[in-house]
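*Asks:* Quick one, what's the 3D model for this:
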Amino acid sequence: MNPKVSIIIPFFNCQYVNQAIESALNQTYQNIEVIVVNDGSPQYVEKVKAYINSNSKFRYVEKGNGGTASALNLGIRNMQGEYFAWLSSDDLFMKDKIEKQLYFMEANGFKFSYTNYSIINERGVIIKERAGVIHPSRKALIGQLLKGCSINGCTVMMSREVINRIGLFDESLVCAQDYDYWLRAIQHNPFGSLNEPLTLYRVHSQMGSRTKHERQKREADYIVRKYSQTLRRMFISEK
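*Replies:* A predicted model of the protein is given here:
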């Protein structure tokens, strides 16, 4: 089995985008495609266009500005892979991220998985290793998701089957579209967590979690209310 994995990179005014692209193209797993979706960015576009026609695995799509969810959705509509992975334009994948996570999923029959990650600064220096929370059981993860999102979006990989079942990201959500999507995904699909830091999450002054902090909190509170009853039923039913 050698399924294709589609790595989708939403891009808007990010100076680190070329580093993200390089980390995606240089994966040890070869059957990939890297789709950069330009979400109406007026800046740093030349860093992306430099890859057009230079690598057969690279694809480029442009659209008007609509937010991360709309960029991810356009990437999904254009993807050819059997698996989906999301890489933010300011983050990085470890070179064996796709290979290790895909093997983990196929070996265990998971349709959805997430991994640990490390934090880097503006210069790409690791400032905190294994910064994620890997829960010991499905029940523990559900319990945490009742309070907030502990899954880093760029550590996630999922089968196209999941997307076909639950649909696309909610484009009305500006900051918490990932939290909403993971909650929809785990309700109907076997999932697992891999305790290896396979993504490097960059912390910097222009990151959305800082510039849109209040909006993110409001949306997260809304999602907790929206799914609380469903998650509580799932929590109770778990052994």
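*Asks:* count of residues packed around F58?
*Replies:* 19 (other CB atoms under 10 Å). Quick note: C-beta positions are derived from backbone N, CA and C, even for glycine.
*Asks:* What helix or strand is the closest residue to it other than its chain neighbours located in?
*Replies:* Leaving aside its sequence neighbours, F58 sits nearest to Y51 (CB to CB, 6 or more residues apart in numbering; 4.7 Å). Applying DSSP states H and E as the criterion places Y51 outside every helix and strand.
*Asks:* Neighbours of Y51, how many?
*Replies:* Y51: 19 neighbours (other CB under 10 Å).
*Asks:* what's the distance between it and A20?
*Replies:* Separation of Y51 from A20 (CB to CB, to the nearest Å): 11 Å.
*Asks:* And the strands in the chain, which stretches?
*Replies:* 5-11, 32-39, 58-63, 83-86, 92-93, 112-120, 126-128, 157-159, 191-202 (DSSP state E).
*Asks:* can I get those strands in a markdown table with mean pLDDT and distance to A185?
*Replies:* Output for the strands of the chain, formatted as a markdown table (pLDDT from 0 to 100; distance: least, CB to CB, whole Å):
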| stretch | mean pLDDT | distance to A185 |
| --- | --- | --- |
| strand 5-11 | 98 | 16 |
| strand 32-39 | 98 | 20 |
| strand 58-63 | 98 | 23 |
| strand 83-86 | 98 | 11 |
| strand 92-93 | 98 | 20 |
| strand 112-120 | 97 | 5 |
| strand 126-128 | 97 | 27 |
| strand 157-159 | 97 | 6 |
| strand 191-202 | 96 | 7 |
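*Asks:* now those strands in CSV, with distance to F169?
*Replies:* As requested, the strands of the chain are arranged in CSV below (distance: least, CB to CB, whole Å):
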stretch, distance to F169
strand 5-11, 10
strand 32-39, 12
strand 58-63, 14
strand 83-86, 10
strand 92-93, 20
strand 112-120, 14
strand 126-128, 28
strand 157-159, 12
strand 191-202, 17
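*Asks:* how about the ones you listed, which one is nearest I134?
*Replies:* The closest of the strands of the chain to I134 is strand 191-202. By CB to CB, the value is 4.3 Å.
*Asks:* so what strands line up beside the closest one?
*Replies:* Partners of strand 191-202 in the sheet, by DSSP bridges, are strand 92-93 (antiparallel), strand 112-120 (parallel).
*Asks:* sorry, back to before: I'd like to know which of the strands of the chain is closest to S150.
*Replies:* Across these, closest to S150 is strand 112-120 (CB to CB), at 9.1 Å.
*Asks:* Mind listing residues that contact that closest one?
*Replies:* For strand 112-120, the surrounding residues in contact (CB atoms under 8 Å, 6 or more residues apart in numbering) are 92, 97, 101, 104-105, 126-132, 134, 151-152, 154-159, 162, 182, 185-186, 189-203.
*Asks:* same check, this time on stretch 58-66
*Replies:* 12, 21, 25, 33-41, 48-49, 51-52, 70-71, 74-75, 78, 171.
*Asks:* Just name the shakiest helix or strand of the protein by mean pLDDT.
*Replies:* helix 208-211 (a mean of 66; mean pLDDT, DSSP states H and E).
*Asks:* all helices for this structure, in order.
*Replies:* 17-25, 45-49, 68-78, 97-108, 138-145, 160-166, 177-186, 208-211, 213-237 (DSSP state H).
*Asks:* And the closest residue to E161 other than its chain neighbours, how far from I163?
*Replies:* Excluding the flanking residues, the one nearest E161 by CB to CB, 6+ apart is K111, at 5.8 Å. Here K111 is placed at a distance of 10 Å from I163 (CB to CB).
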